[in-house]
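>>> Build me a structure from this.
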Amino acid sequence: MTDQLNPSLLKKESNNSKGISLFSATALGIGGMMGAGLFSLLGTASAHAGSYIPIAFLLGAIAASFSVYSYAKLGATFPSSGGAATFTVMSYGPGVISGGLNIFQYIAYLIAAALYAAGFSEYANTLLGGYLSLLEIKIVGVIIIILCAGINLLGTDIVGKAETLAIGFVTLALLLFSVEGIHVADVGAFKATDWSINGIAIATGILYINYQGFGVVTNSSNAMQAPHKELPLAMFSALILVTIAYLLVSTAVVLLLTPAQMALYSGHVLGDVAQIVAGKMGFVVIGASALLACAAALNATIFAASNIAADMASKITVSKALGSEVLNTEFRALTISALLVIALALAFPLDVVGKMASLAFLLVYAAITFGHIRVRKQTGAKLWPLWMAIIINLSLFTTLLLNVIESAPGSAIALGLALVGSFALEATARKYLRTKLKPH
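Numbers count the residues shown, from 1 in each chain. Predicted coordinates:
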């Protein structure tokens with residue numbers, strides 16, 4: 001392509017800021033993944049996969065691994081705080097396609113952040129006895145969004161340390177819960193439910209949002225000492241550790257609860273299972289873990305979204321649709337991002353926003369990986385994992401989209417409008433800028 005960015009510019013940018021360790025980057029990835037999806041979407045997924053939720057989690061991890069490979073190669077070659085926003089420009093060139101994709105993935109991160117805020121407020125209500133009104137639950141979500149935005153203002157190093165502390169507690173609590181849950185479960189009385197390939201595929205699509213956090217790590221690549229080595233290691237380490245936790249936790253859940261009970265407990269399945277395992281203490285510990293995990297995921301996702309927004313504003317080759325007047329500083333980008341997340345958290349219920357987030361990221365990952373094929377010689381990536389990522393992401397997207405059209409058509413329409421609007425906004429902005437910059 002003739003209009004790609006010079007990689008040396010990105011390498012120069014990557015040397016400007018060093019402030020996150022391999023351990024912190026891994027924690028950032030775990031924090032981005034181990035959030036509201038695990039704690040709040042098990043009931044929704046069980047309606048489709050029944051007692052086969054662990055298989056859905058495993059399939060989701062396998063699907064995500066191909067996208068992780070693609071992102072790791074791209075991030076190591078083009079380190080930037082913009083992460084995937086930079087990948088699109090390097091792959092498609094500085095045009096409407098890359099600009100539109102960047103706006104859409106910015107929206108995708110905002111939707112995911114809204115999901116984590118909703119998960120936090122759901123568990124906060126559960127810990128308080130379920131007495132909060134709908135308005136009060138929404139207010140709790142708004143407060144945690146503001147707090148996480150404030151943490152992000154402190155910089156990547158503070159973000160990484162906050163993730164490390166939160167995820168350390170959450171991981172330990174989940175491992176203890178899983179081991180004890182499997183131990184006390186009556187395995188002999190377990191009866192597997194009926195299953196279907198389509199049902200497990202839908203559940204895999206719903207739970208896929210649990211893995212989207214791996215992309216967050218690429219936004220810290222310019223703050224790494226050696227992104228070529230550290231970024232792939234951090235991303236795959238986070239994916240493996242999170243997958244192990246998901247398999248253990250979901251196994252304990254299906255051994256202790258029927259799908260009907262999971263549907264009944266809905267957004268706080270793990271809290272109720274923990275009460276079965278360890279009484280009130282277990283309920284409180286897992287509830288606190290849910291709060292920390294959702295806050296950590298929200299924190300990491302706002303970090304990624306604001307970096308994409310700032311990147312769109314600072315690079316003349318990336319979208320100017322929101323840039324020159326709205327998102328022209330990191331503080332302003334973070335503020336606008338937080339306000340948009342608040343709007344989404346107030347507008348959509350948890351299960352709907354969860355499906356919307358999964359759909360958005362499945363589409364984004366497929367598009368970015370397709371673009372990766374165009375620059376494969378620069379990244380050194382093998383071709384077959386990239387095609388596998390594209391095929392798997394689009395297959396899961398199609399399966400989940402058909403389900404959403406049937407169950408919540410309004411959210412499918414909203415997501416479609418966001419996609420079309422992203423490219424329309426980019427094209428309009430570029431036309432406006434060309435007109436504005438023409439000599440009189």
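
>>> and Ile182, what element?
helix 156-184 (DSSP states H and E).

>>> Which positions within the helix or strand harbouring Ser70 qualify as buried?
Per DSSP H and E: Ser70 is located in helix 53-77. Judged by neighbour count using 16 or more other C-beta atoms under 10 Å, the buried positions of helix 53-77 are 53-61, 63-77. Heads up, the C-betas are built off the backbone N, CA and C, glycines and all.

>>> what's that helix packed up against?
helix 42-49, helix 84-92, helix 197-207, helix 214-218, helix 227-256, helix 350-374, helix 376-379, helix 383-407 (3 or more C-beta pairs under 8 Å, 6 or more residues apart in numbering; DSSP states H and E).

>>> Pick the most deeply packed of the ones you listed.
Mean neighbour count (mean count of other C-beta atoms under 10 Å) peaks for helix 214-218 among the helices and strands packed on helix 53-77, with a mean of 31.

>>> which helices and strands does that helix pack with?
helix 22-33, helix 53-77, helix 84-92, helix 227-256, helix 269-314.

>>> any idea how far the next helix or strand after the third one is from the chain center?
Same thing as helix 84-92. Proceeding N to C from helix 84-92, the next assigned helix or strand is helix 96-127, under DSSP H and E. Put simply, helix 96-127 sits 7 Å off its chain's centre (C-alpha atoms, centre = their mean, to the nearest Å).

>>> what's the average pLDDT for helix 96-127?
In this model, helix 96-127 carries a mean pLDDT of 86.

>>> Show me what it is packed against.
Using 3+ C-beta pairs under 8 Å, 6+ apart, helix 96-127 sits against helix 36-40, helix 84-92, helix 134-152, helix 269-314, helix 330-347, helix 350-374, helix 409-437.

>>> can you give me the angle the second one makes with helix 350-374?
The one in question is helix 84-92. Per axes from the mean of the first three to the mean of the last three C-alpha atoms, to 10 degrees, the angle that helix 84-92 makes with helix 350-374 is 40 degrees.

>>> again with the fourth one
Interaxial angle of helix 269-314 relative to helix 350-374 (the same axes, to 10 degrees): 50 degrees.

>>> and helix 269-314, average pLDDT?
Mean predicted confidence for helix 269-314 is 77.

>>> what inclination does it have with respect to helix 134-152?
Calculated by the same axes, to 10 degrees, helix 269-314 forms an angle of 50 degrees with helix 134-152.

>>> same deal with the fifth one?
Angle between the axes of helix 330-347 and helix 134-152 is 160 degrees (criterion: the same axes, to 10 degrees).

>>> What are the buried residues along helix 330-347?
For helix 330-347, by 16+ other C-beta under 10 Å, it's 330, 332-338, 340-342, 344-345.

>>> could the helices and strands packed on helix 214-218 be laid out in a markdown table, adding distance to Ala114?
Shown next, in a markdown table, are the helices and strands packed on helix 214-218 (distance: least, C-beta to C-beta, whole Å):
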| stretch | distance to Ala114 |
| --- | --- |
| helix 22-33 | 14 |
| helix 53-77 | 21 |
| helix 84-92 | 19 |
| helix 227-256 | 21 |
| helix 269-314 | 9 |
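
>>> How about the residue sitting nearest the centre point of the chain, nearest residue that isn't a chain neighbour?
Geometric centre of the chain, nearest residue: Gln212, 3.5 Å, by C-alpha atoms, centre = their mean. The shortest distance from Gln212 to any non-neighbouring residue, by C-beta to C-beta, 6 or more residues apart in numbering, is to Phe361 (4.5 Å).

>>> measure that neighbour to Leu394 for me?
Remark: distance between Phe361 and Leu394 (C-beta to C-beta, to the nearest Å) = 12 Å.

>>> Burial check on Val420, number of neighbours?
By other C-beta atoms under 10 Å, 12 other residues sit near Val420.

>>> Roughly how far does it sit from Phe104?
Remark: distance between Val420 and Phe104 (C-beta to C-beta) = 9 Å.

>>> Just put the helices and strands packed on helix 96-127 in JSON lines and tack on distance to Ala245.
Shown next, in JSON lines, are these (distance: least, C-beta to C-beta, whole Å):
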{"stretch": "helix 36-40", "distance to Ala245": "8"}
{"stretch": "helix 84-92", "distance to Ala245": "25"}
{"stretch": "helix 134-152", "distance to Ala245": "22"}
{"stretch": "helix 269-314", "distance to Ala245": "10"}
{"stretch": "helix 330-347", "distance to Ala245": "25"}
{"stretch": "helix 350-374", "distance to Ala245": "19"}
{"stretch": "helix 409-437", "distance to Ala245": "28"}
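
>>> looking at the ones you listed, which is closest to Ala201?
Among the helices and strands packed on helix 96-127, helix 350-374 comes nearest to Ala201, with 11.9 Å by C-beta to C-beta.

>>> thinking again about what came up before, ok, now which ones touch the residue nearest to the centre of the chain?
Residues near Gln212 by C-beta atoms under 8 Å, 6 or more residues apart in numbering: 32-33, 112, 357-358, 361.

>>> Can you tell me which of these is closest to Leu239?
Met33 (7.6 Å).

>>> Find the residue closest to Tyr365 in space, skipping its chain neighbours.
Using C-beta to C-beta, 6+ apart and skipping the chain neighbours, the partner closest in space to Tyr365 is Ser67 (4.5 Å).

>>> what's the distance between the closest residue to Val353 other than its chain neighbours and Ile103?
Spatial nearest neighbour of Val353, chain neighbours left out: Leu115 (4.7 Å); criterion: C-beta to C-beta, 6+ apart. Distance, Leu115 to Ile103, using C-beta to C-beta: 19 Å.

>>> If you count surrounding residues, which of these two has more?
Applying other C-beta under 10 Å to Leu115 and Ile103 shows that Leu115 carries more neighbours, namely 34 against 27.

>>> isn't the more buried one right up against Val352?
No: using C-beta atoms under 8 Å, Leu115 is not in contact with Val352; the gap is 9.4 Å.

>>> How about the contacts made by Ser250?
42, 53-54, 57.

>>> Can you tell me which of the residues you listed is closest to Leu270?
Using C-beta to C-beta, the contacts of Ser250 come closest to Leu270 at Leu42, 7.1 Å.
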